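Visitor: what's the 3D shape of this:
(chains A and B)
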There are 2 protein chains.
Amino acid sequence: MIKVAVDAMGGDYAPAEMVAGAVQAVNANREISVLLVGQEPAVAEELKKHNFPAEQIQIVPATEIIETEEPPVNAIRKKKDSSIVVGMNLVKKKEADAFVSAGSSGAILVGGQVIVGRIKGVERPPLAPLIPTEKGASLLIDCGANVDARASHLVQFARMGSIYMEHVMGVKNPRVAIVNIGAEEEKGNALVKETFPLLKECRDINFIGSIEAREIPHGGADVIVCEAFVGNVILKLYEGVGATLISKVKSGMMVNLRSKIGALLVKPALKETLKSFDSSQYGGAPLLGLNGLVVKTHGNSKAKEVCNSILQCMAFKEQGINDKIRESLTAENQENKE
Amino acid sequence: MIKVAVDAMGGDYAPAEMVAGAVQAVNANREISVLLVGQEPAVAEELKKHNFPAEQIQIVPATEIIETEEPPVNAIRKKKDSSIVVGMNLVKKKEADAFVSAGSSGAILVGGQVIVGRIKGVERPPLAPLIPTEKGASLLIDCGANVDARASHLVQFARMGSIYMEHVMGVKNPRVAIVNIGAEEEKGNALVKETFPLLKECRDINFIGSIEAREIPHGGADVIVCEAFVGNVILKLYEGVGATLISKVKSGMMVNLRSKIGALLVKPALKETLKSFDSSQYGGAPLLGLNGLVVKTHGNSKAKEVCNSILQCMAFKEQGINDKIRESLTAENQENKE
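Guide: Predicted structure coming up:
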C-alpha cells in the first residue's frame, strides 16, 4: 500500500482535475491511497461527481492556497495551513510516501528542501522532468532552482538521474550525457569542463560524454545532465517550438478547401503519432534527493497527468529509489576517501 | 558596388552550392561583385555550369582547406593559403567588404578576431543568427565562442543586435530581451542578475526585460540576448525539435491509405506554411563587431542560403552598420564617464 498526498488546490484546473486524477489513480490501482489536501467543501463537492472505493481517498483539510506569483520562501514560511505546506508535512511525518502538486514551482522547490528535507549527503535536490524524444523519454536533470550549480552538484544529478531512469523507467544501463556546445571533450564553458572529467571517473553510471542540444529530441541520451538555467531553457523551448510548429501545421492545413479535405483524412493518424511527443503521458517531474518523494506536475495538468504522476510514485517507492540514492552517495564518499 | 568574398570550399555542398549561390546573387543584383575563394580548377569547373555577367565574379586562388574537425587556432595559424584565411585577409586589406563562409565555425570565429580584427571598444564579437518565429525572425545574440561571457559583453551584444535588427532587418525600435528562467527581474543566474540592471539603464535600446525560452518561438522579442552556451543550446534545440516534429508529422501522414491520400491534398499548403519557419531564408549569421563583415552560413547551406547571405551583406554595408556600432560604443563611453 502506498499513500500519496495530492495538492487539490494547485494548478490551473484545481480542484476539478486534481480530484479527477486522484479518482482515476485509485480506480486503476487498489494499492494506492490518496490524501487530497485542500479546502474541504470544494474538494468534497468535486469528489461527489465520481465513483471510487471510498476507503482509498481521504480529504486532509488545508484552508490556505499559495499563489504562483507569491515569493516562495515567504509563502512557505507564512502560509502554514496551505495545501503545499500541509501536504509536505504529511511526507515529513511519514504519513504519506509522496506529495504531488501542480502548484507554484518555487514554493514546491523551497518546501521540498525546508519541510521534507534532503537525504544526508545530497547537496542540492534537482527537479527532473521526463521529456519526449523519438526513442521514448529522456530525463532532463536539473530544471529546478539550482542555478549557478557547481560541478559536484552535477555529478550527483547524474547519479540520481541514472538510478531513476533505470529503476522507475526501466531503462537498462541508461546513457548519461552532459549538455554541451560540441561533442569534443575540450569544448564547453568552465562548469562543463570541470564536470566532464568527474563524470568520466564515475564507475556507477554509463557516461557517454557530451550531448549537443540538437541531439536531445533524437533521444541521444537517457539522462541529460545540465545546470538549472540551461535545463529550464531546454524544457521551455521544447514546449515553445513544439506548440508553434503544431499550430503552423494546423493552420497550414486550413489554407484552402483541398487542404481542409486532406486534413480530415490525415487527422486521426497524425494525432496518434504526435501523442508520442506529448509530455503529459509521463506524469510529473520528481524533485530528487529528498527524504520522501515530491512530484511537480505542469501547472496546466489535467486528470490524466495527475493520475500518471500518482502512479509514478508507486514505482518510486517499490523500487526503493531513495535507498539506492543513499547507497550511491555512500559509495561516492568511499571513492573520494580512497 | 559591394565586394563579397565567398568561401568556395567550406560547407557540406562545396564548391557546387557555394558557386551556385554566388551566381544567383550576382544575377539578382548588378551592384554585387563576388570573389570566389578556393581551389581554382574546381571552382572554375563549377562556374562553367552557369550563366552570369563575367565581370561580377572573379576567382581568388587558395590551395588549402580547413576541415571542421581541425583545432581552429592551429588551423588559422598554419593554413595561410586556406580559403578562410585568404578570404579574411581580403576583408582585412579592404579588398572585400565582407566574407561569407559555410566552413568551420571555430575557424571563422578565431579568424574573425585574429585576422579581420575587432572594432575598437568591442570586447567580444558575437555570432548572431536569425531564428524563425511566428512573427518573422528574431536575432539570437550570442551563439558564438564567447562562453562564460561577462555582463559588459552582454550589454554590447544588446546594442549591436539592436542596430542590426533596426537597420539591416528594418525592425523599428526593436524589442530587446534577455533570456531568463522567469519573467520577474529578481529571477535568473548570477550573470543575468548582474546584466539586467545594466540593460535597463541603456538609453539607446528598447529593453523589454526578461524572455522565457517558451516565448522565443512566439516572437516575444526581436533581439534575444544571452551568453554563447545558452545561445548555442537554443539554436541547436530549435533545429532538433523542429526536425523531429516535422518528421513525426510526415510519418504520421503515411500510416494508412486514408492518411496517405490526405497527405497528398494537404502537402502543398503545408509546405508553404512551414516555409516561414525555415531559417535558410534569412541567410547566414553575422559575426558582429569586426572591422568588416564576416557571415557564417550553415554547414549544410544550399545555393539559396548562400545567395541570401551575400545579399544580406549589401544592407549591412549600405546602412553603415559598423559606423553605427562605433557611434554606439562612443556613446557608451560617454555615458560611463558622466
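Visitor: Count the neighbours of the residue nearest to residue A:270 when sequence neighbours are not counted for me.
Guide: Take residue A:270 and drop its neighbours on the chain: the residue closest to it by CB to CB, 6 or more residues apart in numbering or on different chains is residue B:252, 4.1 Å away. The way it works is simple: take the backbone N, C-alpha and C, and place the C-beta from them, glycine included. The tally of other residues near residue B:252 (other CB atoms under 10 Å in any protein chain shown) stands at 23.
Visitor: wait, isn't residue B:252 in contact with residue A:268?
Guide: No. Contact criterion CB atoms under 8 Å: residue B:252 and residue A:268 do not qualify, at 9.5 Å.
Visitor: Quickly list what's touching both of these two.
Guide: Common contacts of residue B:252 and residue A:268, defined by CB atoms under 8 Å, 6 or more residues apart in numbering or on different chains, comprise residue B:259.
Visitor: what pLDDT does residue A:338 get?
Guide: At residue A:338, the model reports a pLDDT of 56.
Visitor: Please apply the same query to residue A:271.
Guide: Taking residue A:271 on its own, its pLDDT is 81.
Visitor: Equivalent analysis for residue A:183, please.
Guide: Model confidence at residue A:183 (pLDDT) stands at 73.
Visitor: Check residue A:52 too.
Guide: The score at residue A:52 is 96. That number is its pLDDT.
Visitor: So for it, what's the nearest residue that isn't a sequence neighbour?
Guide: Leaving aside its chain neighbours, residue A:52 sits nearest to residue A:23 (4.8 Å; criterion: CB to CB, 6+ apart).
Visitor: Could you say which helix or strand holds the one you found?
Guide: Element membership for residue A:23, per DSSP states H and E: helix A:16-28.
Visitor: contacting residues for the residue lying closest to residue A:302 once chain neighbours are set aside?
Guide: Counting by CB to CB, 6+ apart, residue A:302 lies nearest to residue A:17, which is 5.0 Å off, once chain neighbours are set aside. Contacts were defined as CB under 8 Å, 6+ apart; by that measure residue A:17 touches A:11, A:301, A:302, A:303, A:306.
Visitor: So which of these is surrounded by the most neighbours?
Guide: With neighbours taken as other CB under 10 Å, the top of those is residue A:306, carrying 35 neighbours.
Visitor: Does the helix or strand encompassing residue A:177 reach chain B?
Guide: Residue A:177 belongs to strand A:175-180 when assigned by DSSP H and E. Yes. Shown here: strand A:175-180 in contact with chain B (CB under 8 Å from any CB of the partner chain) through residue A:179.
Visitor: Show me what that strand is packed against.
Guide: Judged by 3 or more CB pairs under 8 Å, 6 or more residues apart in numbering or on different chains; DSSP states H and E, strand A:175-180 is in contact with helix A:151-167, helix A:190-201, strand A:206-212, strand A:223-225, helix A:228-253.
Visitor: average pLDDT for it?
Guide: 97.
Visitor: Just the CA atoms of it, as PDB, please.
Guide: Once non-C-alpha atoms are left out, strand A:175-180 reads as follows in PDB (Å, rounded to 0.1, in the frame of the first residue of the first chain):
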ATOM      1  CA  ARG A 175      23.200   6.500 -21.200                       C
ATOM      2  CA  VAL A 176      24.200   9.600 -19.200                       C
ATOM      3  CA  ALA A 177      25.400  12.700 -21.100                       C
ATOM      4  CA  ILE A 178      26.200  16.300 -20.200                       C
ATOM      5  CA  VAL A 179      24.700  19.100 -22.300                       C
ATOM      6  CA  ASN A 180      27.500  20.800 -24.200                       C
END
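Visitor: Mind listing the strands it pairs with, and their directions?
Guide: With DSSP bridges as the test, strand A:175-180 is paired with strand A:206-212 (parallel), strand A:223-225 (parallel).
Visitor: outside of that strand, which residues touch it?
Guide: A:154, A:158, A:161-162, A:187-188, A:192, A:195-196, A:199, A:205-213, A:216, A:220-226, A:230-231, A:234, B:233.
Visitor: and the two most separated of the contacts of residue A:17?
Guide: Taking CB to CB as the measure, the contacts of residue A:17 span a maximum distance of 10.9 Å, between A:11 and A:303.
Visitor: where do the strands sit along chain A?
Guide: Per DSSP state E, chain A carries strands over the ranges A:2-7, A:32-38, A:57-61, A:98-101, A:130-133, A:136-141, A:175-180, A:206-212, A:223-225, A:285-287, A:293-296.
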